[in-house]
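> Mind folding the following:
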Amino acid sequence: MVKLRGKLYPLAPWAAGVLIALMGTPAWAVDLKTADGAWTFSINGNVNVDYIYSNCESSTTPAVAGGLACLGSTSGSNVSNIQNGLLPAAFSFGVATTQDGIDLAAHLGLYPGIAANDTGSPNIGPLVNPRNTALATTGLDIRQVYMTFGNKDVGTFTLGRNIGLFGADVILNDMTLPGVGAPGSAAGPAPSNTTLGGIGLGYIYTDWLAQMDYTTPDLSGFNLTIGIFDPVNSLSDPGTVDGKKAPGVHGKVTYTMNIAEGTKLYLSATGITQKQNYETGVPATAYDYNGTGEDVFAKLDMQGLELIAYYYHAQGLGTTGLFLLGAFDPACPAPAVGICPQTRTSNGYLGQVTYKIGAVKLGYNHGDSRLDFANAADQAANPNLVRSNRKDTIGVYYSLTKALTLLAEGSYVKDVSAAGSNTAKTINVGAYIGF
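Coordinates of the predicted model:
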């Protein structure tokens, strides 16, 4: 038997709805308790909707491979869509208790969109018809299902599917999180569940990964997380994928310092490494390569002013998504372990400033993701490969109530290759409600 306690409670850390808790809009969870008070059940979430208008590069301009500026079509360069922004809608469910001094919790997050895209995965399924047609329905994204156990003395173990560590702090603090930022597929005929925000335009997408982590107790403001994750396949390697011999590994250290009343500094550094295993040719020859990445993040809060700086460097991870365009020529002649393929180096940064005046938050951010050729042969074979994806966004976010935010943003995206460049502009207006 459960009973509704009839009160709103601040969102508990374990009930992460992680993408909701750090948006600048207060997040709340409705709690229910069992009659004996032993178990607490909670639900929290959001719904967000934007009108998105994009002015894209002319369709006659050659596309940059891996570029994120939208291209028009023969019918024109302007595109309108109504859909979710960087976040899908979310309905997150949690359950928690304490037994024998150990805090136990489990969490399930359901993330529906509003775009008509019921063809497989709502984000990476085929971006073709019957997407965005009458009689279609929206897709359901199940990003989170995990458990935690531990306490403030021994630390916390997290097991299951949850947000990754590398690149997490920057996306969770991106001011466009409740908005749109870069439109991604929203600037085309077949929108997916979400837009890009700043993904690929200052940071690599952290993603949602099956993982097993341990986080230390608070050590005078410091916390360390170390874990393993299910090794993911490359998004762009044309070889035949093999099973991975070892999991990926990631780690993160954070430090929080309260400087003065209303002034706080947060710092973090993250590392990730994973090996890819593939084969090619007849007879098949195996090859592998490592993907590694490191990032640093800083956030300074001073009353209504917030400053953010972020930088990452990677080898073999690629750009925009994990293991996208991270390696060149995996099928090079007589591939040998450690020699072929050649990995590409990437790096990027994002800077952001926001200022809150009463119920209004004003913000600006600029990000740039860069990808280097693996070697001269790579440059000769792929002259139109993206070298830089950059974006500028200005935004206004008005808290009409504690739960409801009205917003407007304008973004400018430019991608550059050795052969040319594309530019695009987007404006969006919308509303975000969190509970």
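> going forward, measure contacts and count neighbours with C-alpha atoms only.
Noted.
> Tell me where the protein has helices.
For the chain, applying DSSP state H gives helices covering 18-21, 168-172, 376-381.
> Would you single out the least confident of these?
Mean pLDDT across the helices of the chain is lowest at helix 18-21; the value there is a mean of 41.
> any idea how far residue 390 is from residue 100?
Between residue 100 and residue 390 the computed distance is 51 Å (C-alpha to C-alpha, to the nearest Å).
> same deal with residue 306?
Counting by C-alpha to C-alpha, the gap from residue 306 to residue 390 is 22 Å.
> neighbour count winner among the two?
residue 390 (26 against 18; other C-alpha atoms under 10 Å).
> give me the beta-bridge partners of the residue nearest to residue 296 when sequence neighbours are not counted?
Computed as C-alpha to C-alpha, 6 or more residues apart in numbering, the closest residue to residue 296 that is not its neighbour in sequence is residue 269, at 4.4 Å. Here residue 269 sits in beta bridges with residue 253, residue 296, going by DSSP bridges.
> got any ranges where the stretch 101-250 of the chain has weak pLDDT?
118-130 (pLDDT under 70).
> in the stretch 251-400 of the chain, what spans have low per-residue confidence?
Scanning the stretch 251-400 of the chain for pLDDT under 70 picks out the ranges 330-340.
> Show me the strands in it, by range?
Listed in chain order, the strands of the stretch 251-400 of the chain (DSSP state E, counting those that start in this stretch) span 263-280, 285-302, 305-315, 327-328, 342-343, 345-357, 360-371, 386-399.
> For residue 43, find the nearest of these.
strand 386-399 (21.9 Å; C-alpha to C-alpha).
> mind listing what's buried in that closest one?
386-399 (16 or more other C-alpha atoms under 10 Å).
> Not counting sequence-adjacent ones, nearest residue to residue 80?
residue 53 (4.6 Å).
> beta partners for that neighbour?
Following DSSP bridges, residue 53 is listed with bridge partners residue 80, residue 427.
> what about it, how many residues close to it?
Counted with other C-alpha under 10 Å, residues neighbouring residue 53 total 20.
> contacting residues for it?
Applying C-alpha atoms under 8 Å, 6 or more residues apart in numbering to residue 53 gives the contacts 78-81, 187, 426-428.
> what do you get for residue 54?
So residue 54 contacts 78-80, 183, 187, 424-427 (C-alpha under 8 Å, 6+ apart).
> Also residue 388?
67, 368-371, 415-417.
> ok, the residue lying closest to it once chain neighbours are set aside to residue 204 distance?
Here the nearest residue to residue 388 in space, its sequence neighbours aside, is residue 370; by C-alpha to C-alpha, 6+ apart that works out to 4.4 Å. Separation of residue 370 from residue 204 (C-alpha to C-alpha): 11 Å.
> Identify the contacts common to the two.
residue 319.
> So for these two, which residue has more residues nearby?
Legend: neighbour count by other C-alpha under 10 Å for residue 370 and residue 204, higher for residue 204 (30 against 24).
> Please look at that one and residue 321 and confirm they touch.
Yes - when contacts are counted by C-alpha atoms under 8 Å, residue 204 is listed as touching residue 321 (5.4 Å).
> for residue 138, phi and psi?
Main-chain torsions, residue 138, degrees, to the nearest 10: phi -90, psi 160.
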